[in-house]
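In: The sequence and its predicted three-dimensional model are supplied below.
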Amino acid sequence: MNSETLSAPMPRTLVIASRESRLAMWQAEHVQAALHKLYPACDVKIVGMTTRGDQILDRTLSKVGGKGLFVKELEQALAEGRADLAVHSLKDVPMELPEGFTLAAIMEREDPRDAFVSNDYDSLAALPAGSVVGTSSLRRESMIRARYPHLDVKPLRGNLDTRLAKLDRGDYAAIILAAAGLKRLGLGARIRALIEPEDSLPAAGQGALGIEIRADRADIAAWLAPLHDDATAKAVEAERMVSRALGGSCTVPLAAYAQWHDGKLALRGTIATPDASRVLAAQESTAASTLDDAMALGRRVADDLIAQGALEIVRALADAAQAADGPSGPNVAPTQGPATHNPTGAGEGPASR
């Protein structure tokens, strides 16, 4: 947490918009506690709401409109002035925010790894052939199919408690979840094994919290500044640039993960077909003294993947999704295509989106 001196007047009231799931409320309460510590006299309230993504549980995200379904209602509350800020799990935030909104702060990252959760087995390698493994992510599905083709991967939707309940009633032999969510809710004991990035590269932004506000609220941005973690922001913005440059969405098994080593930011990116018949990988590192440096790193990794044929995978998956939806398409907003080349990534960081 930064300790910079604030020049903006102390806020009297701040309203946080949050999804109503237990994990989302924990995240909102985490920010609420941090703001109370900064501004003891401020009345920080939380307004819970149900998003479209929470309501649709019978289809995978890739078939109903993607991650934006988890933030639209929260953004509407910001636009209407019913809330001052919205707290998101950053991996659920679309790579391009709607005009008029920005990520004012990215908080220090929790464990970004995937977690293997099972009541009977210690690891994916220990599962017998034909075992059913649940995941909500095409990225994880592709990883499992590539490394463990003898396993049966099935969709898994619902909030964290719902997913664990499905495991406990025997619908799955094991499920794969984000370690950060389990740890934040005090459920770390449910983790049988942590899956290292070498075996399952995390999603862009996994484990980090982003705080979204209206772009015209410079006062709120100033109040949130002490919550911003620069090292995390550079890492996750490098990751998000990879996804942005490739038009990443829930229909694409895409991963990007950046780590700091000896003052340098090392970024790895992968993209694959859902059946893992084709897997591309790239990596680069840089000193990343500025946010633009970090996003330029992301662009270089994306360019490497593009040179290997990444856009062929993206287009093939988009064509397949369109064919499956039929001529009228799903009743959701379209997914953005690959970004145009912008080597510096200027204007794409937290301060301007």
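Out: Thanks, I have it.

In: Below-threshold pLDDT in this structure: ranges please.
Out: Regions of the chain meeting the criterion pLDDT under 70 cover residues 1-8, 51-70, 248-249, 325-353.

In: chain center to stretch 195-214: distance?
Out: In terms of C-alpha atoms, centre = their mean, to the nearest Å, the centre of stretch 195-214 is set 5 Å apart from its chain centre.

In: Check the offset of stretch 265-276 from the chain's centre.
Out: Stretch 265-276 sits 15 Å away from the centroid of its parent chain (C-alpha atoms, centre = their mean).

In: Flag every buried residue along that stretch.
Out: Under the neighbour-count criterion of 16 or more other C-beta atoms under 10 Å, stretch 265-276 has 265, 266, 267, 268, 269, 270, 271, 272, 273, 274, 276 buried. For the C-beta atoms, the positions are set from N, CA and C on the backbone; glycine is no exception.

In: repeat for stretch 194-212
Out: 195, 200-212.

In: Restricted to strands, list those residues.
Out: 195, 209, 210, 211, 212 (DSSP state E).

In: Quick check: the farthest pair among the residues you listed?
Out: Spanning the widest gap among these are 195 and 212, at 28.9 Å by C-beta to C-beta.

In: And residue 193, how close does it get to residue 206?
Out: Per C-beta to C-beta, to the nearest Å, residue 193 is found 17 Å from residue 206.

In: Just the strands from the stretch 251-353 of the chain, written as ranges.
Out: Secondary structure of the stretch 251-353 of the chain (DSSP state E, counting those that start in this stretch): strands located at 254-261, 264-272, 279-286.

In: what's the spatially closest residue to residue 135 that is not a sequence neighbour in contact with, if anything?
Out: Spatial nearest neighbour of residue 135, excluding adjacent residues (C-beta to C-beta, 6 or more residues apart in numbering): residue 176 at 4.6 Å. Residues near residue 176 by C-beta atoms under 8 Å, 6 or more residues apart in numbering: 114, 115, 116, 117, 133, 134, 135, 137, 140, 144, 195, 200.

In: Which residue ranges of the stretch 151-300 of the chain form helices?
Out: 160-168, 179-184, 218-224, 230-245, 291-308 (DSSP state H, counting those that start in this stretch).

In: Tell me which of those helices sits most buried.
Out: Of the helices of the stretch 151-300 of the chain, the one with the most neighbours on average (mean count of other C-beta atoms under 10 Å) is helix 230-245, at a mean of 26.

In: Show me what that helix is in contact with.
Out: Everything outside helix 230-245 that qualifies as a contact, by C-beta under 8 Å, 6+ apart, is 2, 90, 95-96, 106-109, 204-205, 208, 248, 254, 256-260, 265, 267, 269, 288, 291, 293-295, 297-299, 301-303, 305-306, 338-339, 345, 348-350.

In: can you do 7 Å?
Out: Here helix 230-245 makes contact (C-beta atoms under 7 Å, 6 or more residues apart in numbering) with 90, 95-96, 106-109, 204-205, 208, 254, 256-258, 260, 265, 267, 269, 288, 291, 294-295, 297-299, 301-302, 338-339, 345, 348-350.

In: ok, back up a step: from the contacts of residue 176, which land in strands?
Out: Going by DSSP E, the strands hold 114, 115, 116, 117, 133, 134, 135, 195 from the contacts of residue 176.

In: domains for the chain, by residue range?
Out: 1-108+207-228, 114-195, 230-353 (automatic domain parsing).

In: separation between residue 254 and residue 242?
Out: Residue 254 is 7 Å from residue 242, by C-beta to C-beta.

In: residues in contact with the most centrally placed residue in the chain?
Out: Residue closest to the average C-alpha location in the chain (C-alpha atoms, centre = their mean): residue 91, at 0.4 Å. Each residue near residue 91 by C-beta under 7 Å, 6+ apart is listed here: 203, 204, 205, 206.

In: I figured the third one hits residue 90, correct?
Out: Yes: counting by C-beta atoms under 7 Å, residue 205 does reach residue 90; the two are 3.4 Å apart.

In: Between its first and last residues, how far does stretch 103-116 reach?
Out: By C-alpha to C-alpha, to the nearest Å, the extent of stretch 103-116 from end to end equals 31 Å.
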